[in-house]
Each structure stands twice: as structure tokens, then as C-alpha cells.
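Asks: I'll drop the sequence and a predicted model, then ask my questions.
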Amino acid sequence: MSLLTLLFFIFFLLSSPPLISSTTTTTPPTAYEALESYGFPPGLLPVGVTGYTLDEQTGNFEVYIGQTCKYTVQGYNLKYESTISGVISQNKLTKLKGISVKVLFVWLSIVEVSRDGNELYLSVGILSAAFDITGFVESPQCGCGFDCNDVGSVEIKEDGLLRSVW
């Protein structure tokens, strides 16, 4: 190889872009991480979120689960539609659509969730209930909530009531 060819080859290598890019690509946060960035625990959403959209300017969001999701947690029957939408801001979810809770024999839409310290307030309109935030650290699973080893069974809770897991 001649000296001129060798110099040309070195010049070519030094002037061409690298074959392996050293730029770091950041992945967008998951829906659970996005919730946390607004002050909410990830357990407000069940396991299995397939995606979401969020307009950071307006707070409008949609969360996609893929199918309707039902489970029981702390004696409450909850239902998530395949798409949940609303408006998110720091410590506040408003205009919620797609989440409901069964009260007696009626499904009521949860329309707002707010956080005040370590309390979460879930509202179905004129009524709301407060829950300790520690109950929302983990995400429940569709169909079984947190009792996934006992799916389809009936168990007796400490308060003596029978509860079935569906």
C-alpha cells in the first residue's frame, strides 16, 4: 500500500461519521412514571397499560389499557375502560372518563382524584372518599387486584366478611 493511499484512507476514516452513534436517546416516561411526575402514585393505574398520550401544555391525557379491566381492592369493585381520559395537573386529575366504582348495585364514574399530603381523594361527583396513599404504591392486576394467587376463590377477611375475587 502506498503512502498516498494510506494517508487517503486515514483521512477518509477521520472525516466520515462514526458507524456507532454516541448520542443518547431518551425513552419517554411510562404512564406510571408520568403519574408520579404529577404527584400521584403509580397504583392509580392497573398493571398492563399499553400506552398513553399527554399534552403537557393543557394536561389532557388518554391512557390505553387494551381491554376493560375489573378488580376488587379493599372491598371496592373498580372498572377501567380500555381508554381512560381526563386532565392532569400537579396533585389533581379532573374530567376523568373511563373509571368507575360499584356502590351497592350501581356503577358510579370516578370524575376526580386529588392529593393532599398523604391522602388521595376520589370523587364520584358530590361524594368523595379519602384513602391513604400507601394503598396505591403498587399497581393492581386486572381480574384479581392484589389477590392474584387466589383467583376464583372466596376468602374470609379480618372483619369476618366473605369476599370473592373475580
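Replies: The structure has been received and is ready for your questions. Predicted model only: the values in this text are computed from it and were never measured.

Asks: show me what Lys97 bridges to in the sheet.
Replies: Under the criterion DSSP bridges, Lys97 forms beta bridges with Ser85.

Asks: distance of it relative to Val63?
Replies: Distance, Lys97 to Val63, using C-beta to C-beta, to the nearest Å: 11 Å. In this view, the C-beta of every residue, glycine as well, is placed from N, C-alpha and C.

Asks: how about the helices of this protein, start to end?
Replies: Along the chain, counting by DSSP state H, helices occupy 3-15, 31-37.

Asks: between Lys97 and Val63, point out the one with more neighbours.
Replies: Neighbour comparison, Lys97 and Val63: the larger count goes to Val63, with 26 against 14 (by other C-beta atoms under 10 Å).

Asks: does the more buried one touch Ser82 like I think?
Replies: No: counting by C-beta atoms under 8 Å, Ser82 is not a contact partner of Val63; they are 9.6 Å apart.

Asks: quick one on the thing from earlier: what sits in contact with each of Lys97 and Val63?
Replies: Both Lys97 and Val63 are in contact with Ile84, Ser85, where contact means C-beta atoms under 8 Å, 6 or more residues apart in numbering.
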